[in-house]
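Q: Here is the input, now give the coordinates:
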Amino acid sequence: MKLPGRQFWGSVLIGIGVFILLAVICDSIQPYFPPAPPSSLLDKVSSFCRERFSPHPPPPGKPPSPPPSRTRRASPPPVLTPDGLLTPVVHHTGDQYHLWVWGIKPERKTGDRVKVEIAHGAAGEEGGFQIVAYADTDGDSQPDREIARSDFLIGGETGDWSSFEFRTGEEKIFVGNIWPEGKNTQVFRGNGPWPNRDCPFEDLFYHYIAPDKKVTAGPAYTNMKVSFPPSD
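A: Have a look, this model is predicted:
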């Protein structure tokens with residue numbers, strides 16, 4: 001067997017040297033020429049599918065739009081029914097309170113003769129009440145003295161109206177109704193401000209009136225009217 005000669009081994013060493021030189025050169029220039037990503041057929045198909053079927057991100061600098069919110073439509077304002085009711089909602093008072101009065105805006109009081117009308121929330125004694133009026137006599141814009149009260153009034157059916165007239169020279173007055181304490185009287189009650197813009201009543205009502213303490217609640221409204229007939 002003939003062993004390779006010096007010429008063969010010389011060629012092998014030269015080839016190894018060239019390979020090492022090329023490797024050194026490639027390693028030196030790689031930072032300036034980063035390798036391109038593989039472009040096999042599988043990668044091309046995958047890239048095509050991502051472009052066509054994946055959601056596109058929003059353009060830079062523009063935040064994604066928020067999902068549409070579900071807003072509740074505001075309920076339409078109450079409308080006067082043919083019998084003049086502002087609200088058909090009947091409230092069972094229980095032992096919560098037995099009095100409520102609303103202040104009349106001073107600019108709406110046009111005379112000393114006052115007529116108050118209130119609708120009954122139930123027929124008979126279950127919806128019975130007395131119409132009552134208070135005055136602000138110490139100038140703090142709160143009721144402090146009862147100035148008028150009707151007899152006990154009842155309606156023949158739900159929604160019937162009762163009225164009461166009185167006279168007063170007081171500028172700031174409060175009107176409403178009162179019923180037996182602890183009795184589950186039924187009254188009309190709508191929650192929120194009085195619906196008509198030119199309403200003569202304030203939105204909060206007083207349900208407890210004592211010399212050292214007055215308590216308000218609301219806003220709420222009921223089926224009540226006030227007018228100022230001409231004096232005789």
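Q: Could you use CA atoms for every contact and neighbour count after this?
A: OK.
Q: Counting by contacts, list what the longest strand along the chain packs against.
A: Looking across the chain with DSSP state E, the single longest strand is strand 201-210. On a contact count with 3 or more CA pairs under 8 Å, 6 or more residues apart in numbering; DSSP states H and E, strand 201-210 meets strand 99-104, strand 213-217, strand 220-221.
Q: what about Ala133, distance to Gly94?
A: Counting by CA to CA, to the nearest Å, the gap from Ala133 to Gly94 is 22 Å.
Q: Counting neighbours around each, name which of the two comes out higher.
A: Set Ala133 next to Gly94 and count neighbours by other CA atoms under 10 Å: Ala133 wins out with 25 against 13.
Q: Am I right that that one is in contact with Pro143?
A: No - if you go by CA atoms under 8 Å, Ala133 and Pro143 don't touch, sitting 9.1 Å apart.
Q: Can you pull the residues that touch both of the two?
A: Taking CA atoms under 8 Å, 6 or more residues apart in numbering as the criterion, Ala133 and Pro143 both touch Ile173, Phe174.
Q: Next secondary structure after the lowest-mean-pLDDT helix or strand in the chain?
A: Each helix and strand of the chain was given a mean pLDDT (mean pLDDT, DSSP states H and E); the minimum falls on helix 41-53 at a mean of 48. Toward the C-terminal end, the helix or strand that comes next after helix 41-53 (DSSP states H and E) is strand 90-92.
Q: Between strand 99-104 and the longest strand of the chain, find me the angle.
A: Strand 201-210 runs at 130 degrees relative to strand 99-104, counting by axes from the mean of the first three to the mean of the last three CA atoms, to 10 degrees.
Q: Can you list the buried residues in strand 201-210?
A: Using 16 or more other CA atoms under 10 Å as the test for burial, strand 201-210 gives Phe201, Glu202, Asp203, Leu204, Phe205, Tyr206, His207, Tyr208, Ile209.
Q: Note down every partner strand of that strand and its orientation.
A: Within its sheet, strand 201-210 is paired with strand 99-104 (antiparallel), strand 213-217 (antiparallel), according to DSSP bridges.
Q: what's the most buried one of the ones you listed?
A: strand 99-104 (a mean of 23; mean count of other CA atoms under 10 Å).
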